[in-house]
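Participant: My questions are about this predicted structure, shown below with the sequence.
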Number of protein chains: 2
Amino acid sequence: MPFNSMELECKKLQSKEDKAEHKKEMKAVQDSMDVLNGKWKIAIISSICYYNKRRFSDILNDVAGISNKMLSKELKELEINQLIKRTVLDTQPVSVQYELTEHGLTLKTIINNLTAWGMEHRKKIIGK
Amino acid sequence: MPFNSMELECKKLQSKEDKAEHKKEMKAVQDSMDVLNGKWKIAIISSICYYNKRRFSDILNDVAGISNKMLSKELKELEINQLIKRTVLDTQPVSVQYELTEHGLTLKTIINNLTAWGMEHRKKIIGK
DNA sequence: CAGTATCCAAAGGGATACTG
DNA sequence: CAGTATCCCTTTGGATACTG
């Protein structure tokens, strides 16, 4: 991934170009957050990723607390954003398989980081 | 950061221990998302980080579209989670400075990744 | 099994005005 | 300047029931 992490270091002095660049970065972060918004998206992705292929009712069980209505809605949004692929299997009764697209797989780094950070945060703030 | 990224690779076979581990990881991701939830948190953090220290009204301007009510609420939550530090300056009229804590600074990797991913996503989906 | 449809309470959040 | 307070409309999302 062609990305220079130095670009986002905290700076004390900013040129006009730097500020324009920062605006762009803010927009990019918003784009990501919009795609991942809601309580469930990342958990759903994580579940599908973990099992490689996963059916509706399986995800419903994996993601603690989600309702079928919510799952259906979130899956639709993820599909629109081309993060997952939906396949109807010719079984009786019908079953539907979800898997990550290549684009969806690029989220893995972020999920890894969020996992690591969440664990640290829990240790630090929420309790030992 | 002591974190083995291989732990989160997508797997085809799962042992009982793997599944338990996955549950933990899901919870950790949820923790992170809870802390960062809402439309504005990351943008606020990004603004403060970029300028190192930033006042209320400055952030209000940096984050396009946010209302003072929302900003106030979000800043409070970030402070509770010990991501930012609030300092009242003895000026006339009073001004308040926000800066990231050390713990807040550990979010930088995630913000960097979200920025990079958002840019790729925009190119790919939203349109060049 | 994989959703949809409906009802409805609660939360979210903008606009505006006000305070120390 | 840095918030609070209030009004009020919109969105969210759980519970439940229903469909192909």
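Facilitator: Perfect, I can see it now.

Participant: Identify all contacting residues around whichever strand or helix holds A:Leu75.
Facilitator: Using DSSP states H and E, A:Leu75 sits in helix A:68-80. Contacts to helix A:68-80, defined as C-beta atoms under 8 Å, 6 or more residues apart in numbering or on different chains, come from residues A:38, A:40-41, A:44-45, A:56, A:59-60, A:63, A:66, A:84-86, A:98, A:104. (C-beta placed from N, C-alpha, C; glycine too.)

Participant: Now with 10 Å, please.
Facilitator: With contacts defined as C-beta atoms under 10 Å, 6 or more residues apart in numbering or on different chains, helix A:68-80 is touched by A:34-41, A:43-45, A:48, A:56-57, A:59-60, A:62-63, A:66-67, A:83-86, A:96, A:98, A:100-101, A:104, B:125.

Participant: and the closest residue to A:Lys24 other than its chain neighbours, how far is that from DNA strand D?
Facilitator: Distances taken as C-beta to C-beta, 6 or more residues apart in numbering or on different chains put B:Met119 closest to A:Lys24, at 7.9 Å, once the chain neighbours are dropped. Separation of B:Met119 from DNA strand D (C-beta to the nearest atom of the strand, to the nearest Å): 24 Å.

Participant: Then A:Lys24?
Facilitator: From A:Lys24 to DNA strand D the distance is 25 Å (C-beta to the nearest atom of the strand).

Participant: and if you look at A:Ser46?
Facilitator: Distance, A:Ser46 to DNA strand D, by C-beta to the nearest atom of the strand: 17 Å.

Participant: same thing with A:Tyr98?
Facilitator: Distance from A:Tyr98 to DNA strand D, by C-beta to the nearest atom of the strand: 16 Å.
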